[in-house]
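Participant: sequence first, then the predicted structure:
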Amino acid sequence: TLFPYTTLFRSQVSFRELHKRFAMLEQETYLFDCTIAENIAVAKPEASPEEIREAARRAGIADFIETLPEGYETPMGQMGARLSGGERQRISIARAMLKDAPIVILDEATAYTDPENEALVQEGVAKLVKGRTLIVIAHRLSTIVDADKIYVIKDGNVEACGTHHELLNS
């Protein structure tokens, strides 16, 4: 199993405390049927409007939000239906930035990003992960070239481990 210390974690760290230490960007961005500001604030419900705007600015979505008739109070629609894939992903990045967790998990986070937003999403992700521990779930080695350590997992088992260069040579 990949996580042999699960029992140890449970006994020393509560789920709530563990959850605070992780921010996750997934392939499918989950947004709630509420305003843009409320969606960003999911990560930190007590956040001030200034903190929400700053997270949006750092995620590269603030300019877009400010063009909307209701700005940050614009309703998202179910699952963010009114937004493109890249816009939804940048809302998710703003949420993760607001959370300010020391560990960031990227699960194919740019897989569904539309071409117009891809560079903006990648720029936002780069700002998000700076100075943090990053765990990337990817299907292509080319997306994780700069990783310190890569684990190749097949059927739940670690098949290989190393740097990008080491794995290509093996």
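Facilitator: Nice, I can see it.
Participant: got the contact list for the one residue sitting closest to the centre of the chain?
Facilitator: For the chain, residue 25 is the residue whose C-alpha lies nearest the centre (CA atoms, centre = their mean; 2.3 Å). Counting by CB atoms under 8 Å, 6 or more residues apart in numbering, residue 25 makes contact with 89, 92, 93, 96, 104, 105, 106, 107, 109, 125, 128. (C-beta placed from N, C-alpha, C; glycine too.)
Participant: now do the phi/psi pair for the fourth one.
Facilitator: The reference is to residue 96. Per-residue torsions, residue 96: phi -70, psi -40 (degrees, to the nearest 10).
Participant: isn't it up against residue 128?
Facilitator: Yes - between residue 96 and residue 128 there is a contact at 5.6 Å, judged by CB atoms under 8 Å.
Participant: can you confirm the residue nearest to the centre of the chain is in a helix?
Facilitator: No - under the criterion used here (DSSP: H, G, I helix; E, B strand; the rest coil), residue 25 is strand, not part of a helix.
Participant: coming back round to it: now the common contact residues for residue 96 and residue 128.
Facilitator: Here residue 96 and residue 128 share the contacting residues 23, 25, 104, scored by CB under 8 Å, 6+ apart.
Participant: residue 164: which of those is nearest?
Facilitator: residue 104 (19.3 Å; CB to CB).
Participant: how many other residues sit next to the closest one?
Facilitator: 23 (other CB atoms under 10 Å).
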